[in-house]
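Asker: model the following, please.
(chains A and B)
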Protein chains: 2
Amino acid sequence: MPAKRERWSREFSRWFDWVLEEAGIYDYGRYPVKGMGVWLPYGFQIRRRVIELVRRVLDGAGHEEVLFPLLIPETLLRRESEHIRGFEGEVYWVAHGGSEPLDVRLALRPTSETSISYMESFWIKSYKQLPRRFYQIVSIFRYETKATRPLIRLREVTTFKEAHTVHASFEDADRQVAEAIELYKRIFDELGIPYAVSRRPEWDKFAGAVYTVAFDTVMPDGRVLQIGTVHHLGQNFTIPFEVRIQLPDESLDYAWQTSYGLSDRVIASLIALHGDDRGAALPPAVAPIQVVVVPIPARGEEQARRLEEYIGEVEERLRRLGLRYHVDRREEVRPGRKFYEWEARGVPVRIEAGPKEAETRTLVVARRDTLEKTVVKLEELEEKLPGILEDVARGLRERAWSWLRSKVKRVEGVEEAGRAIEEERGIVELPWCGNEECGKRLEEEVDAAVLGSPLERPEWVRGKRCPVCGRPAVTSIRLAKTY
Amino acid sequence: MPAKRERWSREFSRWFDWVLEEAGIYDYGRYPVKGMGVWLPYGFQIRRRVIELVRRVLDGAGHEEVLFPLLIPETLLRRESEHIRGFEGEVYWVAHGGSEPLDVRLALRPTSETSISYMESFWIKSYKQLPRRFYQIVSIFRYETKATRPLIRLREVTTFKEAHTVHASFEDADRQVAEAIELYKRIFDELGIPYAVSRRPEWDKFAGAVYTVAFDTVMPDGRVLQIGTVHHLGQNFTIPFEVRIQLPDESLDYAWQTSYGLSDRVIASLIALHGDDRGAALPPAVAPIQVVVVPIPARGEEQARRLEEYIGEVEERLRRLGLRYHVDRREEVRPGRKFYEWEARGVPVRIEAGPKEAETRTLVVARRDTLEKTVVKLEELEEKLPGILEDVARGLRERAWSWLRSKVKRVEGVEEAGRAIEEERGIVELPWCGNEECGKRLEEEVDAAVLGSPLERPEWVRGKRCPVCGRPAVTSIRLAKTY
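Answerer: Here you go, the predicted structure:
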């Protein structure tokens, strides 16, 4: 029996609110400030494991974790003019400490390019110290005017991983962008989250960037969610902040930078893309509980004693495997209810064991992704369980990727594109001449946002023409209804 | 040769600023907002390991980690009147989002009793759900008017661990206070930080608490630093926030709470109390690098090749031990300079190996606490190194505890107390009748702050009298110059 994904896609928004509550992930809507919520214990443990994964990947690639102050003086934030224009409308300002007005207003960080560049000007003096790759995992604040949504569009983004790197040349920063893309692919792949990588159009790049590359995914309602961005910052921040370095030939130049970020949306898409009508379904790598054992009640004391002994043997084997497991021994709750709860929470594998299993020394093993049950001999548990967990991870990843692929449509005409977006949402991809004018025309006529172009010219546009101006296509352009 | 601790105590404040910079722990004073600094990569790794220890201890004792929003609406913060009176002068207020004024001002959390109690009123309905023990590790903000100091008195405290628990009775909350004290002892003991535990006087308890128990330590300059607090909150927050529970007899009552906190000061005292004139000295449990290997350069290619092979063998053994080690292979830096740097950073054990050691298959092992060097045979490294690391941990702990003990003086008269404080700082302890009046008189006459009394009546005050009123002493009172 494959897991049903009807309500999941049809009523995504309600389904998502439901799963966050039912699985105890994030309490949203009751906290008395719009756009802010509470990470609940179970959700916090998912978040913690996602953060550990991100740290492992970044630390392994020469990144150094740091922690900068939340508050950025207005004077600093205004020093790069494009940047402040991009954020001005969304900044929360602190103007008072106690009852005293502050000399300079302080911004709750919307992102940290300015404060980090400021400090880099003290730290970095020579090409010999480069590259440096800093990152921090912090809350950022944006006074969003669009409709807020839990983990997707928040006013306090509580899990913002921002990396900031410094280089001795444009090309070296360019290579760092390519490296960051590979690191992000590794993170998303380990979580089974599918993505399309696009170079954002000029008119939608990060405020202060030379260019921006973004990771997008398609949510169950067909709308596109940006889940990661990588920016080449050129010298746009090092000039106003005077991050000047000595080069090998002893001349002085401003350093080059990149920055790249991930947010709560990684967790939002993890929950959204793997889930089904029964709730969340978590990849074993980040599941707080990887295996839950549900004893099926025995009749009579002797049978109960033998069952408990048998469960003890199961536990011992799970412990030896080094898995995060939990035995749900609650007496007042019936097995069916337990199944429901652990399925909603997305535990990858459930083991059922009752008197029959104790007698035959077998176990019923249920996969969360397919809901398939198989009977496994106790003696073979240690041999088979790791493979089953890998199967679940693979199953989730493949299902999510085939969902994404099904939602990307290549079309050649504007009308066809409009119809596809209208009917199925997802991403439409058209041949494109590369001109801004035509791109903006497409946004209007297809009534969707431009995501950008693939990093390399796709084969299929060869010989095709831009549907707006009729000139030969040099690349493709992607459009979608976005969050 | 014992480590010198002269500059350490004589010029503590300058020493502390120096070590934070020299060891790459915390960049303070350059960030353009007073009272806020940057955790540098090495310092961040110390902080991360301290946090991991705190999590391990709390998770093991049934605590659940959560994450609440930073911003607390003014209306919520004002609901408990004692509480807001205690914090009002120090709250940073957000009044604008973009250019729009907000309907309700938002406070940057100074602590989270109010927002957590507010949410508990939705979550907790029955004694059957209790106890619940939540905690979070977050930044808090206080607009301090006193002189700020790195990690000791900051306006952004970046490592605030606040636990909040809910109970069905006063007594159960009382037991949780006792449990929290034991957990904090375990944390401080593992870090080798010595402490005195005092019940704070009525006039210096936490704003909103029934009573407060605090951990204090004595810094190298003899001034006392509060490093942890535990509060019984009674029903002081559950009444205004309506956290009402059903009791076993089906009646309704307000729940009971405790809260307890640790901050950046844990790390400040870790650095301050174990350090010496050469810099920091870290307990192996939280040292980012536990063992540093410094090769002593060889002459000639053949010798260099043999040395490198030998270092490889050392590495292999360190890897097998599962230690965090680093081989400092920098060619442009001389060994003496490397010793200096790694000593300043507080690496617990240094291994030196040159051509002579390679030939005799030995190693020179230097302890950071005593600076003692011993020769160890390579073949015995795996057997001996764990013991040496334990010795360092014990050495640091014992030195810190004997420092604290040397700074606590029991005296019987007011003048003697004043003289002791004047000359040696530290803690003075006097017999006390228990009355507030006499306590406050002592504060004036000794010219020091009351820390409070030990949790149990000390034996030595038996038969002694309060030096102010002459009535029989029921306990002792501790005073000190505090941070």
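Asker: tell me which element the residue of the stretch 251-400 of chain A found nearest chain B falls in.
Answerer: As assessed by Cβ to the nearest Cβ, chain B sits closest to residue A:332 within the stretch 251-400 of chain A, at 9.9 Å. For every residue, glycine as well, the C-beta is placed using N, CA and C. Per DSSP states H and E: residue A:332 is located in neither a helix nor a strand.
Asker: burial of it, as a residue count?
Answerer: Using other Cβ atoms under 10 Å in any protein chain shown, residue A:332 has 6 other residues around it.
Asker: please tell me how far it sits from residue B:222.
Answerer: Residue A:332 sits 58 Å away from residue B:222, going by Cβ to Cβ, to the nearest Å.
Asker: got it, and residue A:328?
Answerer: Plainly put, residue A:328 is 55 Å away from residue B:222 if you go by Cβ to Cβ.
Asker: output the below-cut-off pLDDT ranges for the stretch 251-400 of chain A.
Answerer: Applying pLDDT under 70 to the stretch 251-400 of chain A flags no residue at all.
Asker: which parts of it are strands?
Answerer: Using DSSP state E, counting those that start in this stretch, the strands found in the stretch 251-400 of chain A span residues A:252-254, A:256-262, A:291-295, A:325-327, A:349-353, A:362-367, A:373-377.
Asker: could you dump the ones you listed into JSON lines and include distance to residue A:306 and mean neighbour count?
Answerer: Shown next, in JSON lines, are the strands of the stretch 251-400 of chain A (distance: least, Cβ to Cβ, whole Å; neighbours: other Cβ atoms under 10 Å in any protein chain shown):
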{"stretch": "strand A:252-254", "distance to residue A:306": "75", "mean neighbour count": "14"}
{"stretch": "strand A:256-262", "distance to residue A:306": "49", "mean neighbour count": "26"}
{"stretch": "strand A:291-295", "distance to residue A:306": "12", "mean neighbour count": "24"}
{"stretch": "strand A:325-327", "distance to residue A:306": "16", "mean neighbour count": "17"}
{"stretch": "strand A:349-353", "distance to residue A:306": "11", "mean neighbour count": "22"}
{"stretch": "strand A:362-367", "distance to residue A:306": "14", "mean neighbour count": "20"}
{"stretch": "strand A:373-377", "distance to residue A:306": "17", "mean neighbour count": "12"}
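Asker: switch the ones you listed over to TSV; also include distance to chain B.
Answerer: Shown next, in TSV, are the strands of the stretch 251-400 of chain A (distance: least, Cβ to the nearest Cβ, whole Å):
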stretch	distance to chain B
strand A:252-254	20
strand A:256-262	17
strand A:291-295	18
strand A:325-327	14
strand A:349-353	23
strand A:362-367	27
strand A:373-377	31
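Asker: out of these, nearest to residue A:92?
Answerer: strand A:256-262 (18.5 Å; Cβ to Cβ).
Asker: partner strands of that closest one, with direction?
Answerer: strand A:156-167 (antiparallel), strand A:224-234 (antiparallel) (DSSP bridges).
Asker: now find how far off-centre the first one is within its chain.
Answerer: The offset between the C-alpha centroid of strand A:156-167 and the centroid of the whole chain comes to 13 Å, using Cα atoms, centre = their mean, to the nearest Å.
Asker: who does the following helix or strand past that strand touch, helix- and strand-wise?
Answerer: As assigned by DSSP H and E, the chain's next helix or strand after strand A:156-167 is helix A:170-191. Helix A:170-191 sits against helix A:41-60, strand A:156-167, strand A:211-218, strand A:224-234, strand A:256-262, helix A:265-274, with contacts defined as 3 or more Cβ pairs under 8 Å, 6 or more residues apart in numbering or on different chains; DSSP states H and E.
Asker: same thing but 7 Å
Answerer: helix A:41-60, strand A:156-167, strand A:211-218, strand A:224-234, strand A:256-262 (3 or more Cβ pairs under 7 Å, 6 or more residues apart in numbering or on different chains; DSSP states H and E).
Asker: and that helix, how far out from the chain middle?
Answerer: That offset, for helix A:170-191, works out to 15 Å (Cα atoms, centre = their mean).
Asker: ok, stretch A:69-80 next?
Answerer: Worked out by Cα atoms, centre = their mean, stretch A:69-80 lies 27 Å from the chain centre.
Asker: list of residues touching that stretch?
Answerer: By Cβ atoms under 7 Å, 6 or more residues apart in numbering or on different chains, the residues outside stretch A:69-80 that reach it are A:84, A:94, A:104-109, A:114-115, A:118, A:208, A:236-237, A:240-241, B:31-33, B:36, B:139, B:156.
Asker: follow-up on the earlier one: export the strands of the stretch 251-400 of chain A to CSV and tack on distance to residue B:20?
Answerer: Putting those into CSV (distance: least, Cβ to Cβ, whole Å) gives the following:
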stretch, distance to residue B:20
strand A:252-254, 29
strand A:256-262, 26
strand A:291-295, 45
strand A:325-327, 43
strand A:349-353, 47
strand A:362-367, 52
strand A:373-377, 56
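Asker: ok so, going back, now list the buried members of the contacts of stretch A:69-80.
Answerer: A:84, A:94, A:105-109, A:114-115, A:118, A:208, A:236-237, A:240-241, B:31, B:33, B:36, B:139, B:156 (16 or more other Cβ atoms under 10 Å in any protein chain shown).
Asker: just the ones of those in strands?
Answerer: A:94, A:105, A:106, A:107, A:108, B:139, B:156 (DSSP state E).
Asker: returning to what we had before: among the helices and strands packed on helix A:170-191, which is the most enclosed?
Answerer: Of these, the one with the most neighbours on average (mean count of other Cβ atoms under 10 Å in any protein chain shown) is strand A:256-262, at a mean of 26.
Asker: picking up where we left off before, in TSV: the helices and strands packed on helix A:170-191, plus distance to residue B:433.
Answerer: Converted to TSV, these look like this (distance: least, Cβ to Cβ, whole Å):
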stretch	distance to residue B:433
helix A:41-60	46
strand A:156-167	50
strand A:211-218	69
strand A:224-234	66
strand A:256-262	61
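Asker: could you point out which of the ones you listed sits nearest residue A:294?
Answerer: helix A:41-60 (17.2 Å).
Asker: touching chain B at all, the closest one?
Answerer: Yes - using Cβ under 7 Å from any Cβ of the partner chain, helix A:41-60 reaches chain B at A:41, A:44.
Asker: off-centre distance for that helix?
Answerer: On Cα atoms, centre = their mean, the centre of helix A:41-60 falls 11 Å from the chain's centre.
Asker: and the longest helix for chain A?
Answerer: helix A:381-406 (DSSP state H).
Asker: next SSE downstream of that one?
Answerer: Downstream of helix A:381-406, the first helix or strand assigned by DSSP H and E is strand A:408-410.
Asker: from the contact counts, what lies against that following strand?
Answerer: Strand A:408-410 packs on strand A:427-432, going by 3+ Cβ pairs under 7 Å, 6+ apart.
Asker: returning to that earlier point: for the longest helix of chain A, which positions count as buried?
Answerer: A:381, A:385, A:388-389, A:391-393, A:395-397, A:399-401, A:403-404.
Asker: and of the residues you listed, the nearest to residue A:60?
Answerer: Each of those was checked against residue A:60 using Cβ to Cβ; the closest is residue A:393, at 20.0 Å.
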